[in-house]
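**Student:** Quick one: sequence and predicted model below, then my questions.
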Amino acid sequence: MKKIILYIALFLSAGTLLHGQVYQQGFFLKDYRPIYRINPALFPDSDFIGGFELTRNKVQNYGVSTFYYPTDDGLVSGLNESVSADQFLSRVSDIVARQGEVGLNLFSYGIRRGNGYHSFEIGFRLPTTISAPKGIFELLKRGTVENQYDLSDLGVQYKAYVELSYGYGYKLSDIVSIGGRAKVLLALHGMSYRFTELDVQKSDAGYTIYSRAELDLPSRFYKIDGFPDQDINLSDIHSSFKFPRPTGGGAAFDLGVAVTPNEYLTLSASILDLGALAMHYGNAAVSTGYQYFNGLDLSYDDLNKNGLTNKALEIGKKFLDGLRPRLRYNKWRFEPLPFTANLGIRYTLPNFDQLRIGAIAQYTNYKYSPYWETRLGADYTPFKWLDLTASFGRGTYGFLYGFGISVHVSRFQVYYGLETGTCGTQKETTSLIDPTHRTWSIGLTYDL
Amino acid sequence: MLLLSVSCTRSEYDPSNRINKEMTLFGEEIYVPVGQVGPVTVKSLLSSSKTIGDLVNTLLKEESDGTFYVESDDAIYAYNAYRQALEIPDSSQPYHWDIGSQSGSVASTASLLRMVNMGFVNQHLTLYVLNPITASLVLNTDIWVRCTNSAYVETYSKEFKMEDYNLKSSYSEIPIVKLDLPADLTDMVSRVEFNDLTLDLPAKVGDKIRTSDDAKYSFGAQYKANPAPTENFSFAQAFSLSNLNVPLGKFKLHKCVLSFDLENTLPFDVTVRSIKLMNKKGDYITDVVFSSDIKIMGGKPGAPAVTPVELQVEALEGTIPDIEGVAVDVKIAYSPSVGAVPLSSAMGLSLKSASVKLHGGITLFGK
């Protein structure tokens, strides 16, 4: 059971991915209530409360076409002989990574007081990352052509934390507004297994592998049997659920400024998620050291099928034993959050105020694959109760587009939006088929 | 609304299309260190093959240290004692028995090995007589021990004159000559001659014969020696192994280079003149070539010869197919740098610092 929990946790961490991404098209929507998430200097005209709002996004620097190729003989993988090493490897990033986040805003509350606007939010964030170095694919495709391979950054990790935020926007004048949001982060859970160093050195004598792998588990959920510096097995890891009080914490800030020269034009600039999260891992383990593979060393009795198999298994077991983590007491790990910078411009047509057009640009410094995008958008309000938004643009991975819709029923507003990429190009050479960046958001608010 | 979240997967990438799962790993080169292999000793080979083991064991015996030796006991001359007593004209008188000249070959087992030009070192010869009566006999003869080479040219001889040699009564064989042949002599003892052989028998010899169904005057030779390859030892042989059933075809291998230091304690120089693969029909696979004329130096225990070897297997066109058999043409010859060293079951080959380099990749999930 304990193992199953661990496996499920690892599986989840591999299945989803990312941090801090906001719903960009909210900038174009006419009455997007939590617009302060894009820029705390922007705020709605009305007070509101929000309930269930879900955002999910992912960024990955690979797609179907990174690994698959259409040929006359059907779809083949990049490891097929018909695909050259240069062709395949040129599509693979130095670190192949998939990062994502599931965000759930449990409660939002915005209230206007004079020239100021207060916002309170309670949310839950689940950022995850899985990464693999290019060297692994190079080894598989080309073989051991080089004498040295750096396979560091192989790993999976996820964190789960609660975000409590308070924001305040203030109209300095009819033209300029400023705003800020302070976020307190309370870490609930996290797990990480990653090779911070994995170097493979080839020589005539064989292979020398230096590895440093870290396994981090929070003590409020897991207990590892053993003593410091003792090798541990997977069977030594037990679930040990205790009421999830924070296992770490952090803080982040959003800052923004908005300029409204006239009632039609809005200029926006903000920087989001400047901060960091410190996680305490009550169960920390590390494996480090050199391993050598200088051959099978076969005796005469080994020269048969069973003998060779047993010898190979013996070496494999020895290698895995070398990777067995040694227990440490605990540790703190401090990690900055990926920050986002936003610039936007929005214009309402003076003679046709049902239509708004604009542009927004964003940059997020994700660890493995920094992401940028620029987007042109329009919002059309055919009826008072309906807003339609569409956008298109270009990002790190090529062309992208989005749709959004907002429906007002009485004081309720339901909105749904999708931002995605499509069939863009990567490294100017090949098409990337799957959207490598996608955000979707759904939410419900009630005007007070 | 979900309809708005369209997929942009292009038709040519549609996973419902046919997916060719074939992949070639390590397409340029993969280096696998193998390390040490062996040693593969004569003893281990003999124990793994009962047929060969039994064959060798009928020819050779083994000292405690593994050194092989041949041993034989051959009769040169034998005559029934009762019959001889009846042939004496006056049995009440002593009798001078003139046997004449008798000769015979020795080392019958060893002579089989000489057929493959094997030589012998540490040769020991014991000539003996069996006295079947309860009284002493007097022996006179002129003994010659002769050695010949593989061309049956005499290369060594030695004479032993036996004059009035007293053969005491004994139940067992009485050694009359013990000869250690010269250490540098590798030609085996091929013939022993008893010239002008006479025995002086006592009176009433018929009454003195020991009670036995097999009482006889017997002259014989016991021989022991260690086989060792010598200057003339050389033979070429083509071996072939069939029904190997090695299904390499699906892996689409192009070229393989095996590198190793071959440590040899066998006292032969070995030249691998050719290696050929065979297909299911038994035909040679001409598209796959091996590096040839691989020369392996001979060595001996305590002073192994180390020969760096690089063996290449390469498909000239296409890839290496399924292999059903292999034919190896080797020449094994005396190693001048080693000399005549007795063969031992502890001798053998081992590979040091062995490695495999595979060029062109390994294909998996191929058709």
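**Tutor:** Thanks, I have the structure now. Just so we're clear, the structure is a prediction, and the values are computed from it rather than from any experiment.
**Student:** Can you list the low-confidence ranges for the stretch 201-350 of chain B?
**Tutor:** Within the stretch 201-350 of chain B, not a single segment meets pLDDT under 70.
**Student:** Show the contacting residues for whatever residue of it ends up closest to chain A.
**Tutor:** Nearest residue of the stretch 201-350 of chain B to chain A (Cβ to the nearest Cβ) works out as B:K252 at 7.7 Å. In short, each C-beta sits where N, CA and C put it, glycine included. The contact partners of B:K252, taken as Cβ atoms under 8 Å, 6 or more residues apart in numbering or on different chains, are A:E81, B:T24, B:T319, B:I320, B:G360, B:G361, B:I362, B:T363, B:G366.
**Student:** Scan chain A for its longest strand.
**Tutor:** The single longest strand within chain A, with elements called by DSSP state E, is strand A:176-203.
**Student:** That strand pairs with which strands?
**Tutor:** In the sheet, strand A:176-203 lines up against strand A:148-150 (antiparallel), strand A:154-171 (antiparallel), strand A:206-217 (antiparallel), strand A:248-259 (antiparallel) (DSSP bridges).
**Student:** Give me the neighbour count for residue 195.
**Tutor:** The chain I'm using is chain A. As a burial measure, A:F195 scores 20 neighbours (other Cβ atoms under 10 Å in any protein chain shown).
**Student:** wait, I meant chain B there
**Tutor:** B:N195: 14 neighbours (other Cβ under 10 Å).
**Student:** I'd like the distance between it and A:R33.
**Tutor:** As judged by Cβ to Cβ, to the nearest Å, B:N195 and A:R33 stand 131 Å apart.
**Student:** same thing with B:G27?
**Tutor:** 56 Å.
**Student:** Settle it for me: which of these two has more neighbours?
**Tutor:** A:R33 (28 against 25).
**Student:** who's residue 162 bridged to?
**Tutor:** I'll assume chain A. A:F124, A:L186.
**Student:** Correction: the question concerned chain B.
**Tutor:** Where B:M162 sits in a bridge, its partners, by DSSP bridges, are B:T141.
**Student:** if we can go back for a sec, including mean pLDDT, distance to A:Y446 and mean neighbour count, could the strands paired with strand A:176-203 go into JSON lines?
**Tutor:** Formatted as JSON lines, the strands paired with strand A:176-203 follow (pLDDT from 0 to 100; distance: least, Cβ to Cβ, whole Å; neighbours: other Cβ atoms under 10 Å in any protein chain shown):
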{"stretch": "strand A:148-150", "mean pLDDT": "89", "distance to A:Y446": "53", "mean neighbour count": "15"}
{"stretch": "strand A:154-171", "mean pLDDT": "93", "distance to A:Y446": "19", "mean neighbour count": "20"}
{"stretch": "strand A:206-217", "mean pLDDT": "89", "distance to A:Y446": "40", "mean neighbour count": "20"}
{"stretch": "strand A:248-259", "mean pLDDT": "95", "distance to A:Y446": "24", "mean neighbour count": "20"}
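**Student:** I'd like those strands as TSV, with distance to A:P133 appended.
**Tutor:** Shown next, in TSV, are those (distance: least, Cβ to Cβ, whole Å):
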stretch	distance to A:P133
strand A:148-150	7
strand A:154-171	6
strand A:206-217	13
strand A:248-259	27
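**Student:** do you know which of those strands lies nearest A:Y368?
**Tutor:** strand A:154-171 (10.8 Å; Cβ to Cβ).
**Student:** all helices for the chain, in order.
**Tutor:** All of this refers to chain A. A:2-15, A:64-67, A:85-91, A:134-142, A:305-322 (DSSP state H).
**Student:** not what I meant, chain B
**Tutor:** B:42-48, B:50-59, B:81-86, B:108-114.
**Student:** need the ones you listed in a markdown table with mean pLDDT and distance to chain A, can you?
**Tutor:** Shown next, in a markdown table, are the helices of chain B (pLDDT from 0 to 100; distance: least, Cβ to the nearest Cβ, whole Å):
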| stretch | mean pLDDT | distance to chain A |
| --- | --- | --- |
| helix B:42-48 | 79 | 5 |
| helix B:50-59 | 74 | 15 |
| helix B:81-86 | 92 | 55 |
| helix B:108-114 | 75 | 25 |
